[in-house]
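Q: sequence and predicted structure are below.
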Amino acid sequence: MITLDTPRLILRRWRPEDVAPMAAINADPEVMRWIADGSVRDETETRQRIEAIEREWRSEGFGLFAVEVRATGELAGFTGFTVPHFLPEVLPAVEIGWRLGRAHWGQGLASEAARAALRFGLEERGLSRVVSIAQTGNDASERIMAKLGMRLERETADPATGRALRVHVVGRP
């Protein structure tokens, strides 16, 4: 089982007990406002998504990590990789993303987690190019992308929602 350690976090694979706390994060409209059409997700949808994440780990050798706060054991959210099938124009591609509960915002945890995941993807999984996609206006995510050394590659729109998107990219030096 792959586990990544940072000073404050443990990035690990998903456990059944993660469903309820992740569902609580996904049920927060403020957390979800920049995700797809902004709809919240319930526990059933969260469980299905975690199952899909685990299938991606098995098929691709990468996926989204559960992000656990080292000091408390609390699930903060996720970070890691997925194939962005929702945006065919960038394929083939691997996307790095993150989602943390509001209690964990503004502490640098998303940047810390994403930095560890990106290093894993580039160095351990041999990814040569990684994208990150944010809805226009999601300044917090774009600040994290900048901290990761990503640069704006293109502006486009989500084909499903019509929302404006900004695609950032980084590769191995």
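A: Everything's here; your move. Numbering: from 1, shown residues only.
Q: need the longest helix for the protein.
A: Ranked by number of residues, the top helix in the chain under DSSP state H is helix 43-60.
Q: and the next element down the chain from it?
A: strand 64-69 (DSSP states H and E).
Q: show residues contacting that following strand.
A: Under the criterion CB atoms under 8 Å, 6 or more residues apart in numbering, residues 2, 4, 8-15, 18, 22, 53, 56, 74-82, 97-98, 100, 104, 109, 113, 117 lie in contact with strand 64-69. Quick note: C-beta positions are derived from backbone N, CA and C, even for glycine.
Q: so of those residues, which ones are in strands?
A: Judged by DSSP state E, strands contain the following of the contacts of strand 64-69: 4, 9-12, 75-82, 97-98, 100.
Q: quick one: low-confidence parts of the chain?
A: 173 (pLDDT under 70).
Q: how does it look with 90?
A: By pLDDT under 90, the weakly predicted segments of the chain are 1, 171-173.
Q: if any of the contacts of strand 64-69 are buried, put those into a ChimeraX selection.
A: Buried subset of the contacts of strand 64-69, written as a ChimeraX selection, criterion 16 or more other CB atoms under 10 Å:
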select :4,8,9,10,11,12,13,14,18,22,53,56,75,76,77,78,79,80,81,82,97,98,100,104,109,113,117
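Q: show me what contacts Ile2?
A: 12-13, 65, 120.
Q: how much space between it and Ile53?
A: Ile2 sits 13 Å away from Ile53, going by CB to CB, to the nearest Å.
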